[in-house]
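**Q** Need coordinates for the below:
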Amino acid sequence: MKTVILCGGKGTRLREETEFRPKPMVRIGNKPILWHIMKTYSSYGFNDFVICLGYKGEMIKEYFLNYKIKTNDFTIRLGDPRNLTFHNDHSETDWTITFAETGEEAETGTRVKKIEKYITDDCFMLTYGDGVASINLQNLVDYHKSHGKIGTITGVHPSSRFGEFILDGNQVVEFSEKPQTKEGLINGGYFVFDKQFFKYLSEDEHCFLEREPLMNLASDGQLMIYKHYGFWQCVDTYRELEQINAIWASPNPPWRIWG
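**A** Presented below is the predicted three-dimensional model:
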């Protein structure tokens, strides 16, 4: 199953950092946010990624093209730059990453629609490139497969700056983009979709995933919620970046489930 990660936005609320790099490349500790997200998925055996690129996407490509050099000690003979001796190795050797240019101005739904050709399985996972969580991704996938609907969205409990769900049991009957919270659950950004979801999307640059696609999916009775009560944090402002770095520096960061 492929994991699609949205990495093309300009991240204007974090302009202190995103003026120089794409938001997913902003660092938590000494690694990009994107790396932390991918490590979480990889810890559950999901190692096949599709990265939706846009703003400064070449920096994401460059990071992974030179990943071995960036993450290992090595010795080089300057007269023969091809003669490299690596003194250690990394544990991400089984990652497969497709880099898809989806346009600098495209909205989230547009980006997902543009990578449809890379989705060969019956369903796929999707998330944003700016948030970390302690979510059990295998349980999320198992839940999605159990209910038979087109989409599963993860509900978490922070502020009402994000889309909220109106529920009938575990079925999403209405999706509202930025209301005052009623159920206390907001869009946590960890999705699973069947391929049928692509018919709800458009390559028009103004197709927002969080608007008509999810609203229509909910009104069709095809969107379910997976409730996550553990740690979740997006990095949308410089203050949140400082907070998440402080958590990472603590003895047991809650999303670090890898060894």
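**Q** which residue ranges form the helices in the stretch 1-150 of the chain?
**A** Here the stretch 1-150 of the chain has its helices, by DSSP state H, counting those that start in this stretch, at 15-18, 33-43, 57-65, 67-71, 108-114, 137-147.
**Q** Val26: which of those is closest?
**A** With CB to CB, the closest approach to Val26 among these belongs to helix 15-18: 4.6 Å. All C-beta atoms are positioned from the backbone trio N, CA, C, and that covers glycine.
**Q** How about Gly103: what's its closest non-neighbour residue?
**A** Gly54 (5.9 Å; CB to CB, 6 or more residues apart in numbering).
**Q** Give me the distance between that neighbour and Tyr238.
**A** Using CB to CB, to the nearest Å, Gly54 is found at 21 Å from Tyr238.
**Q** Nearest residue to Asp220 in space, ignoring adjacent ones along the chain?
**A** Per CB to CB, 6+ apart, closest to Asp220 is Ile150, 8.0 Å.
**Q** Identify the residues contacting the closest residue to Gly131 other than its chain neighbours.
**A** Counting by CB to CB, 6+ apart, Gly131 lies nearest to Cys234, which is 3.8 Å off, once chain neighbours are set aside. The contact partners of Cys234, by CB atoms under 8 Å, 6 or more residues apart in numbering, come to Tyr128, Asp130, Gly131, Gly189, Glu240.
**Q** what number of residues lie near the second one?
**A** The burial metric for Asp130, expressed as a neighbour count using other CB atoms under 10 Å, is 26.
**Q** try the fourth one
**A** Taking other CB under 10 Å as the criterion, the count of residues near Gly189 is 24.
**Q** Figure out which of the helices of the stretch 1-150 of the chain is closest to Asp220.
**A** helix 137-147 (14.2 Å).
**Q** got the angle for that closest one vs helix 33-43?
**A** 70 degrees (axes from the mean of the first three to the mean of the last three CA atoms, to 10 degrees).
**Q** separation between Thr98 and Pro251?
**A** 36 Å.
**Q** out of the two, which sits in the more crowded spot?
**A** Per other CB under 10 Å, whichever of Thr98 and Pro251 has more neighbours is Thr98, with 13 against 4.
**Q** how about the nearest residue to the more buried one, chain neighbours excluded?
**A** Excluding the flanking residues, the one nearest Thr98 by CB to CB, 6+ apart is Val50, at 4.6 Å.
**Q** thought the one you found was touching Tyr118?
**A** Yes - between Val50 and Tyr118 there is a contact under CB atoms under 8 Å: 5.1 Å.
**Q** Which residues are in contact with each of those two?
**A** Contacts common to Val50 and Tyr118, judged by CB under 8 Å, 6+ apart, are Lys2, Thr98, Ala100.
**Q** Show me which of those residues is closest to Thr85.
**A** Thr98 (30.4 Å).
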